[in-house]
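1. sequence first, predicted model second:
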Amino acid sequence: MTRQPLDLVPLQRFAIGFDQLFDDMDRLYMNSATTNTYPPYNLVKFSDDEFLISLAVAGFRMEDLDITHTGNVLTIEGSMPEQVEKTTYIHKGIATRNFRRVFTIADHMEVENAKLDSGILDIYLKRNIPEHLQPRKIRIES
């Protein structure tokens, strides 16, 4: 079954300059049936400005993982080295395939740090709005 694009025209009449947001919503909707679920991940919100992305990366070492933050895109990639010796598995339930997971993050979101512990990659994000963009009180003169 092929999905029809979302009709976002009613929203677009009231939201000027949000073309990228509407394009992202349409892309996510159209691709939701074929979305890759590997590796599994959690998104945690600590506050309006602090978030955590946790990915289950069992079998990956730090040198097998790469995190890149460019503009509003956070990309996490995992590459397993080629195995020299062949292993015969009776059951292989732990996936160790290469992956690329991409997140679109809001303006002024920064990666605070990343930690790998017990097969879980935690990426801490924090919104840092520059002072000149924060609300300020305007003095009224008489």
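-> Structure received.
2. show me which residues of stretch 110-125 are buried.
-> Residues of stretch 110-125 classed as buried: 114, 121, 123-125 (neighbour count, 16 or more other Cβ atoms under 10 Å). Every residue, glycine included, has its C-beta placed from N, CA and C.
3. pretty sure residue 24 is in a helix, no?
-> Yes: judged by DSSP: H, G, I helix; E, B strand; the rest coil, residue 24 forms part of a helix.
4. just put the buried residues of stretch 110-125 in TSV and tack on secondary structure, distance to residue 24 and pLDDT.
-> Output for the buried residues of stretch 110-125, formatted as TSV (DSSP: H, G, I helix; E, B strand; the rest coil; distance: Cβ to Cβ, whole Å; pLDDT from 0 to 100):
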residue	secondary structure	distance to residue 24	pLDDT
114	strand	24	96
121	strand	24	97
123	strand	20	97
124	strand	23	97
125	strand	18	96
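5. can you tell me which of these is nearest residue 56?
-> The closest of the buried residues of stretch 110-125 to residue 56 turns out to be residue 121 (Cβ to Cβ; 8.1 Å).
6. give me phi/psi at residue 66?
-> The phi/psi pair for residue 66 (degrees, to the nearest 10) reads phi -140, psi 130.
7. ok so, going back, farthest pair in the buried residues of stretch 110-125?
-> Across the buried residues of stretch 110-125, the longest distance by Cβ to Cβ is 13.1 Å; it joins 121 and 125.
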